[in-house]
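Q: return atomic coordinates for the entry below.
(chains A and B)
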Protein chains: 2
Amino acid sequence: MIKHVSLAVVKRLPRYYRNLLHLRKQGFLKVSSGKLAEVMDITASQVRQDFYAFGGFGQQGYGYDVDKLITNIANILGIDEKHRLIIIGAGNIGRALAGYQGFAKDNFEVIALFDINVNQPDIAGVPLLSMTELDDFVNNNEVDIAVITTQSKVAADIAHKIVSLKIKNIWNFAPVDLDVDEDVVVENISMSESLYVLSYKINQYKKSKDE
Amino acid sequence: MIKHVSLAVVKRLPRYYRNLLHLRKQGFLKVSSGKLAEVMDITASQVRQDFYAFGGFGQQGYGYDVDKLITNIANILGIDEKHRLIIIGAGNIGRALAGYQGFAKDNFEVIALFDINVNQPDIAGVPLLSMTELDDFVNNNEVDIAVITTQSKVAADIAHKIVSLKIKNIWNFAPVDLDVDEDVVVENISMSESLYVLSYKINQYKKSKDE
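A: Below is the predicted model:
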């Protein structure tokens, strides 16, 4: 049903999803491509193309059904199923993620936080465990995603460890390229890279002003 | 000198930069497009195209000069100049950023952290100030970038406030689309959107296995 979809389209889906939830909260039952385009700050034609790539979502002439769009996008994103996460690295980012209440509504559940140092304050509801307990924990619990929030220099070793424990999905916050098997799904999120892009944009803007 | 460059190329620059620093540390003075392609996990042809888009960086047949590449990419990214940051929102993410030691090497300096609640532990070296002090602080200090790490529901108001104080660059961690003037540079980084993309990839992988 779903055709080959470019990553650019996929990356817009979370924004569609977020904006559709917002529109539903505001009372919208139907939404036109024009309205969606407006809130997304893209063209209506782009909206129609995006939805077409995912198999239509139907009735474009009469507006799209908001509930149906939300259900379909949630299904495409896989957030209609539960994902159990462990976080490796209880530094600031690891702790921020472990304490983030917003995951639950999207079926992401943080079930444990690991660090070499467990003499730290607890995070509400999430056990802080020692790295020495990782093997046992993973063998005795269903873990869908491992989140790496360690320092860069140990991230590669952690990734190999995770893969050796048969966890196939990694969300990587360390600014390193992980070298893992092709059947391991990795999503990188790099704050420093985002900051560099901002800095680039500022630089370009300055140069355009100077010209 | 710099031609129009696509955002896809720009987004690879931080990775080039990071990998080049690493290669320099390992002792490389020159590097071929093939070697860079290998560490970047892209094709050598892509490397040459990317560098061509930025005006060449010279001597491709003999390998690129590592120092020169680093200097040029730093210049393009604007990280050879100092940027002063303030962070609005002293939650987990705001605190993580304020405490991150890695910014300094790229000329990013966090000069203050703001929150409505200042009855919180300090961050080493970064003053935690009340939101009521924001106007005075910005009027009396040079601020290049405001970082929004507040909850989504107040992020739009914070953005307007920032812009009214003549700060023109925003790094936004709140999962909302900020509606600001065109001359304001905004870079969004959304953890939940990154997690959705991971979830999408996992979902696709599962489906490909089921087929």
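
Q: is chain B within reach of stretch A:174-190?
A: Yes. Using CB under 8 Å from any CB of the partner chain, stretch A:174-190 reaches chain B at A:Pro175, A:Asp177, A:Asp183, A:Val185, A:Glu187, A:Ile189, A:Ser190. The way it works is simple: take the backbone N, C-alpha and C, and place the C-beta from them, glycine included.

Q: same thing with stretch A:52-72?
A: No. Using CB under 8 Å from any CB, stretch A:52-72 never reaches chain B; the gap is at least 11.1 Å.

Q: got the CA positions of that stretch in CSV?
A: C-alpha atoms of stretch A:52-72 as CSV (Å, rounded to 0.1, in the frame of the first residue of the first chain):
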residue,chain,number,x,y,z
TYR,A,52,-0.6,10.7,-2.2
ALA,A,53,2.8,9.1,-1.5
PHE,A,54,1.3,7.4,1.5
GLY,A,55,-1.7,6.0,-0.4
GLY,A,56,-4.0,8.9,-0.5
PHE,A,57,-5.8,9.2,2.8
GLY,A,58,-8.9,9.7,0.7
GLN,A,59,-11.6,12.4,-0.1
GLN,A,60,-9.3,15.2,-0.9
GLY,A,61,-12.0,17.3,-2.6
TYR,A,62,-14.1,17.3,0.6
GLY,A,63,-11.2,17.8,3.0
TYR,A,64,-9.4,15.1,4.8
ASP,A,65,-10.9,13.4,7.9
VAL,A,66,-8.8,14.6,10.8
ASP,A,67,-9.3,11.5,12.9
LYS,A,68,-8.5,9.2,10.0
LEU,A,69,-5.4,11.1,9.1
ILE,A,70,-4.1,11.0,12.7
THR,A,71,-4.8,7.2,12.9
ASN,A,72,-3.1,6.6,9.5
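
Q: need the contact partners of that stretch.
A: Under the criterion CB atoms under 8 Å, 6 or more residues apart in numbering or on different chains, residues A:1-3, A:5-6, A:9, A:16-17, A:20-21, A:23-24, A:28-33, A:35-36, A:48, A:51, A:76, A:80 lie in contact with stretch A:52-72.

Q: quick one: distance of it to the chain centre.
A: 23 Å (CA atoms, centre = their mean, to the nearest Å).

Q: in that stretch, what counts as buried?
A: By neighbour count on 16 or more other CB atoms under 10 Å in any protein chain shown, the buried set for stretch A:52-72 is A:Phe54, A:Phe57, A:Gly63, A:Tyr64, A:Asp65, A:Val66, A:Leu69, A:Ile70, A:Asn72.

Q: what about the strands in chain A?
A: Secondary structure of chain A (DSSP state E): strands located at A:30-31, A:64-65, A:83-88, A:108-115, A:128-130, A:145-148, A:169-172, A:185-188.

Q: give me the helices and strands touching the first one, please.
A: Put plainly, it is strand A:30-31. In terms of contacts (3 or more CB pairs under 8 Å, 6 or more residues apart in numbering or on different chains; DSSP states H and E), strand A:30-31 is packed against strand A:64-65, helix A:66-77.

Q: and it, which strands flank it?
A: Sheet pairing of strand A:30-31 (DSSP bridges) gives strand A:64-65 (antiparallel).

Q: the strand it pairs with - what's its average pLDDT?
A: Averaging pLDDT along strand A:64-65 yields 88.

Q: hmm, who's touching stretch A:100-111?
A: Contacts to stretch A:100-111, defined as CB under 8 Å, 6+ apart, come from residues A:79-87, A:97-98, A:126, A:141, A:143, A:145, B:92, B:191-192, B:195-196, B:199.

Q: can I have the buried ones of those residues as a PyMOL selection?
A: Typed into PyMOL, the line below selects the buried ones among these, using 16+ other CB under 10 Å:
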select buried, (chain A and resi 79+83+85+86+87+97+98+126+143+145) or (chain B and resi 92+191+192+195+196+199)
